[in-house]
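> need a 3D model of the following:
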Amino acid sequence: MADYQCSNCGRDMPPTQVRCAICESVDEVGVPVLKATAAPTNVIPLNRPPEPESSQARSEPVTPAPPAPPLDREVTEFLRDMKACHDEDMKIITLLGFPTAGKTFFLNRFKYEIQQNDSPYGCTPGYAQNGTFIASTTSPSVHVFEFDEAYEKFAIVDIPGEYFREYLEQEGATDALRPEVKAAIDEVFARSRGLVVLLPAEEIAFSGHLYGDFIDADGVLPWLAQHYGEALTVSGLEIPPLPAEVLGYLNGLTSEVIIRGKAQPHIAEENYYAGLAAWLEHKTLGDSEDFDREVLEQLDAETRRVLAHAIRRMADHCRAEREMHTFISNIVRLPYAKAKSPPIYVALSKADQLESRVAAARSETPAPTQIRALEQALMLRSPGVADMAMQKLQVESSDGRPRLTVAPDQLMEKDIKGMKPLASKFSSRKYGFVTAFAGLDKARINYRLPQGGVYDVIEWIFESLDLHSRYNRDGKLYEFIMHIKGRKNAKPLTPRKGRS
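This is a model prediction of the structure:
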């Protein structure tokens, strides 16, 4: 058999191989050759992603949180305008208002009056035009006032009641404000140089006294049952008095009976009054097993209508007092409500309605309708309301329109619950009666109607912001106030840049 040698070293080897066993373990230059083995299972190549684990060891995928819904256009504009206020270091006045105080009407009248008689002031956005229908504001807004280049800009920031409430809610509330909105409102109160608060004058004067009487009588309906017949006689309505069975039924509907077992007592009580009034008027709405319909059906349609109106109005006073107390308490909770807080102006708004109510109570003017006459007579059954209307709230009408002569601070700090904490927190405070549109009976702007107290608020804002300190010494602020009032002795005020 022929000899076979290794092609690399010449050693004898079997004919089935090309290289001997020794040469098979090295390459041509003598470097050992590693035989291929199974790759380790615990080594991950750097150029490959790791293999997925088994389905048993793999955890459930994390679902990303859904994106936040887009902000409303009005809120987006508010955030943009607040950024501009921050960038320009603009001075701010905060405007708050009780839901029925007419804050939007006041703000439009303020803008209108501050720009009259060739005033050099301008405002963005401008005031609503005559005839414009005014609805309640639902989003915060910034209103910038600019008085020529020689003066600083300032802004009035309007915070609606819903935002004000949510801003002060406890953390964790489901309807809490978005972080960016809350941060913007934080800056409003942190930078605010003054606070204007509108409270409805009529509710301030009367609702608190009526609420106390309702508590003493164990509820609105028992109090109404006790005074309805007398008020009906005084008002002159030709309606028969309530039957004894109906009076006894209403007298038994105490607040405790109405709210028993209810999770939200105040809301349950308000809903009960609203449902009862609706059933009395229509007999189809608000139908509930809580009403003894057999007793109430003794009344004719006109008596049911009048009684429904009386229930509704007295319940409104009850709700207004509770909401007013909460609103004032929230103002005390504001971040800057401390010893060195900025000044506060409490404007008792819609003062013309209170003046008309007092004049009617003193028989100086007739009630507009028989229903209003009954309501007036019912309110005067309250000793506190009678004392307020007949003695404290004197009116004069030298110009044909009744005017309150009582000092507003006497009305506020002596008779209204919740005002003492407000007075203790805001050491610099002022009160005033304000009427944006006297005699307004529709929700439409009408600048031809007279106003009252708006100029006092304008002057207070100028003083609080100290915008015109350079001109106060020579009376320029006084001249400007006289100018916008349209006084005959007012001199034109057109400041120029660099004027000293």
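
> where along the stretch 1-150 of the chain do the helices fall?
Using DSSP state H, counting those that start in this stretch, the helices of the stretch 1-150 of the chain run over residues 73-87, 103-114.

> just the residues contacting the longest one, thanks.
By that I understand helix 73-87. Contact with helix 73-87 is made by 71, 90, 92, 138-142, 144, 155, 157, 180-181, 184, 187-188, 191, as judged by Cβ atoms under 8 Å, 6 or more residues apart in numbering. No exception for glycine: its C-beta is placed from N, CA and C like everyone else's.

> one step back: most tightly surrounded among the helices of the stretch 1-150 of the chain?
Stretch with highest mean neighbour count among these: helix 103-114 (a mean of 22; mean count of other Cβ atoms under 10 Å).

> just want the angle from the helix or strand harbouring residue 193 to helix 103-114.
Using DSSP states H and E, residue 193 falls within strand 192-200. Going by axes from the mean of the first three to the mean of the last three Cα atoms, to 10 degrees, strand 192-200 is angled at 120 degrees with respect to helix 103-114.

> what lies in contact with strand 192-200?
91-98, 100-103, 106, 156-157, 320, 324, 327, 331, 334, 336, 342-350, 426, 434, 457, 460-461, 464-465.

> least reliable of the helices of the stretch 1-150 of the chain by average pLDDT, please.
Per-stretch mean pLDDT for those is lowest at helix 73-87 (a mean of 90).

> of the contacts of helix 73-87, buried ones?
90, 92, 139-142, 144, 155, 157, 181, 184, 187-188, 191 (16 or more other Cβ atoms under 10 Å).

> next, name the residue at the spatial heart of the protein.
residue 161 (0.9 Å; Cα atoms, centre = their mean).

> which ones are touching the residue lying closest to that residue once chain neighbours are set aside?
Counting by Cβ to Cβ, 6 or more residues apart in numbering, residue 161 lies nearest to residue 99, which is 5.1 Å off, once chain neighbours are set aside. Neighbour list for residue 99: 136, 161, 323 [criterion: Cβ under 8 Å, 6+ apart].

> check residue 163 too.
139, 140, 177, 181, 185.

> need the helices of the stretch 1-150 of the chain in a markdown table with distance to residue 221, can you?
Shown next, in a markdown table, are the helices of the stretch 1-150 of the chain (distance: least, Cβ to Cβ, whole Å):
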| stretch | distance to residue 221 |
| --- | --- |
| helix 73-87 | 41 |
| helix 103-114 | 32 |
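
> out of those helices, the one nearest residue 230 is which?
helix 103-114 (36.4 Å; Cβ to Cβ).

> and the gap between the nearest residue to residue 433 once chain neighbours are set aside and residue 251?
Of all residues not flanking residue 433 in the chain, residue 351 sits nearest, at 3.8 Å (Cβ to Cβ, 6+ apart). Noted for residue 351: a distance of 36 Å to residue 251, by Cβ to Cβ, to the nearest Å.

> between those two, which one's more packed in?
Shown here are residue 351 and residue 251; by other Cβ atoms under 10 Å, residue 351 has more neighbours (25 against 17).

> so which of the contacts of residue 163 sit within strands?
Among these, no member falls in strands (DSSP state E).

> of the residues you listed, the lowest pLDDT goes to which?
Confidence-wise, residue 177 trails the rest of these, at 78.

> and for it, the neighbour number?
For residue 177, the neighbour count with other Cβ under 10 Å is 16.

> what are the neighbouring residues in contact with it?
So residue 177 contacts 163, 166, 167, 185 (Cβ under 8 Å, 6+ apart).

> stretch 83-97 spans what distance, first to last residue?
24 Å (Cα to Cα, to the nearest Å).

> please apply the same query to stretch 251-259.
Taking Cα to Cα as the criterion, the two ends of stretch 251-259 lie 15 Å apart.

> then stretch 239-256?
Using Cα to Cα, the two ends of stretch 239-256 sit 30 Å apart.

> which residues touch it?
Counting by Cβ under 8 Å, 6+ apart, residues outside stretch 239-256 touching it are 214, 218-222, 224-226, 228-229, 232, 269, 292, 295-296, 298-299, 302-303, 306-307.

> for the contacts of strand 192-200, which ChimeraX command selects only the ones that are buried?
Selection of buried members from the contacts of strand 192-200 for ChimeraX, criterion 16+ other Cβ under 10 Å:
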select :91,92,93,94,95,96,97,98,100,101,102,103,106,156,157,320,324,327,331,334,342,343,344,345,346,347,348,349,350,426,434,457,460,461,464,465
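
> phi and psi next, for residue 454.
Dihedral pair for residue 454: phi -70, psi -40, per degrees, to the nearest 10.

> next up, the contacts around it.
106, 109, 110, 113, 434, 436.

> gap between it and residue 349?
Counting by Cβ to Cβ - residue 454 and residue 349 are separated by 10 Å.

> and for these two, which residues touch both?
106, 434, 436.

> using TSV, lay out these together with distance to residue 311.
Converted to TSV, these look like this (distance: Cβ to Cβ, whole Å):
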residue	distance to residue 311
106	31
434	31
436	30
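
> report the buried residues of the helix or strand hosting residue 384.
In the assignment (DSSP H and E), residue 384 maps to helix 383-387. Within helix 383-387, the residues that qualify as buried are 384, 385, counting by 16+ other Cβ under 10 Å.

> just give me how far that helix sits from the chain centre.
31 Å (Cα atoms, centre = their mean, to the nearest Å).

> let me see the ranges of the strands in this protein.
91-97, 121-124, 141-147, 154-158, 192-200, 344-349, 395-396, 403-404, 429-433.

> quick check: which of those is nearest to residue 237?
strand 395-396 (25.4 Å).

> what's the mean pLDDT across that closest one?
Averaged over strand 395-396, pLDDT sits at 69.

> for stretch 423-443, same thing?
85.

> report the buried residues of it.
Quick answer for stretch 423-443 (16+ other Cβ under 10 Å): 425-426, 429-438, 440.

> what is the end-to-end distance of it?
33 Å.

> pLDDT-wise, which helix or strand of this protein ranks last?
Lowest by mean pLDDT, DSSP states H and E among the helices and strands of the chain is helix 469-472, with a mean of 53.

> wait, which of the helices of the stretch 1-150 of the chain is closest to residue 209?
Closest among the helices of the stretch 1-150 of the chain, once you apply Cβ to Cβ, is helix 103-114, at 24.6 Å.

> list the contacts of that closest one.
For helix 103-114, using Cβ under 8 Å, 6+ apart, the contacting residues are 95-97, 121, 123, 126-128, 134-137, 143, 145, 156, 158, 198, 347, 349, 434, 436-437, 440, 445, 447, 451, 454-455, 457-458, 484.

> kindly recompute the last result at 7 Å.
Identification of contacts with helix 103-114 by Cβ atoms under 7 Å, 6 or more residues apart in numbering yields 95, 97, 121, 123, 126-128, 134, 136-137, 143, 158, 198, 349, 434, 436-437, 445, 447, 451, 454-455, 457-458, 484.
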